[in-house]
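Participant: show me the folded form of this:
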Amino acid sequence: MLGEDGRARCSWGGSTPDYVPYHDTEWGRPVHGDDALFERMCLEAFQSGLSWITILRKRLAFRLAFAGFSIEAVAAFGPGDADRLMNDPGIVRNRMKVDAALHNAKVAADLPGGLSELLWSYAPAPRPRPETRADVPAVTPESTAMAKDLKKRGFKFVGPTTAYALMQATGMVDDHLAGCFVAPATA
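Facilitator: Numbering: from 1, shown residues only. Presented below is the predicted three-dimensional model:
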């Protein structure tokens, strides 16, 4: 898709003004650090069944509600915090997703080596960029293995599709289309 600025983007990247900066500077860029990856994992889980634009527009409210997605802080949340979150109109108020985020923080806090090390261990070798959106998979063997391992460790709301979306958003895979102006990033 050719944007108003003359730049060729992935078709979704220019479909709404809110997507442009996210596509151009964030999506597909390598993200490291336990808290940063915990945020992305939570947001991808909250997105399940919804449009990503809904989550993107609520991201600041999510960050405020979830203590900046500090694993340590969220792991210390209790039942009162779950109720507070369920009453926060700024976020997606789905009890299963809220409970999963709180539970996942506790699991992430106890991971030997940390969340970043675990998630990045599933990043596949670099491959050529897809030519079209039809060439972009919804799941891969790596995302399936990641989801299986996360579930085995006790994480919730992390199926293979959510795992692959996490891999795309955090630069573990580069699914910018071949004609997109965004330069390939290095992990």
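Participant: can you report how many residues lie near A75?
Facilitator: Here the number of neighbours of A75 (other C-beta atoms under 10 Å) works out to 17. C-beta here means a position set from N, CA and C on the backbone, and glycine is covered the same way.
Participant: what's the answer for P130, then?
Facilitator: Neighbours around P130, by other C-beta under 10 Å: 18.
Participant: my guess is it contacts A178, does it?
Facilitator: Yes: the criterion here is C-beta atoms under 8 Å, and P130 meets it with A178 at 6.8 Å.
Participant: look up how far L60 lies from the closest residue in space to T170 that isn't next to it in sequence.
Facilitator: Leaving aside its chain neighbours, T170 sits nearest to V31 (4.0 Å; criterion: C-beta to C-beta, 6 or more residues apart in numbering). Counting by C-beta to C-beta, to the nearest Å, the separation of V31 from L60 is 17 Å.
Participant: so between these two, which is more surrounded?
Facilitator: Shown here are V31 and L60; by other C-beta under 10 Å, V31 has more neighbours (19 against 10).
Participant: ok so the more buried one is a helix residue?
Facilitator: No: assessed by DSSP: H, G, I helix; E, B strand; the rest coil, V31 does not belong to a helix; its assignment is coil.
Participant: for it, grab phi and psi.
Facilitator: Comment: the main-chain dihedrals of V31 come out as phi -120, psi 130, following degrees, to the nearest 10.
Participant: ignoring the adjacent residues along the chain, who's closest to F181?
Facilitator: F181's closest residue in space is R7 (C-beta to C-beta, 6+ apart), at 4.5 Å.
Participant: and what of E72?
Facilitator: E72 sits nearest to A109 (C-beta to C-beta, 6+ apart), 6.3 Å away.
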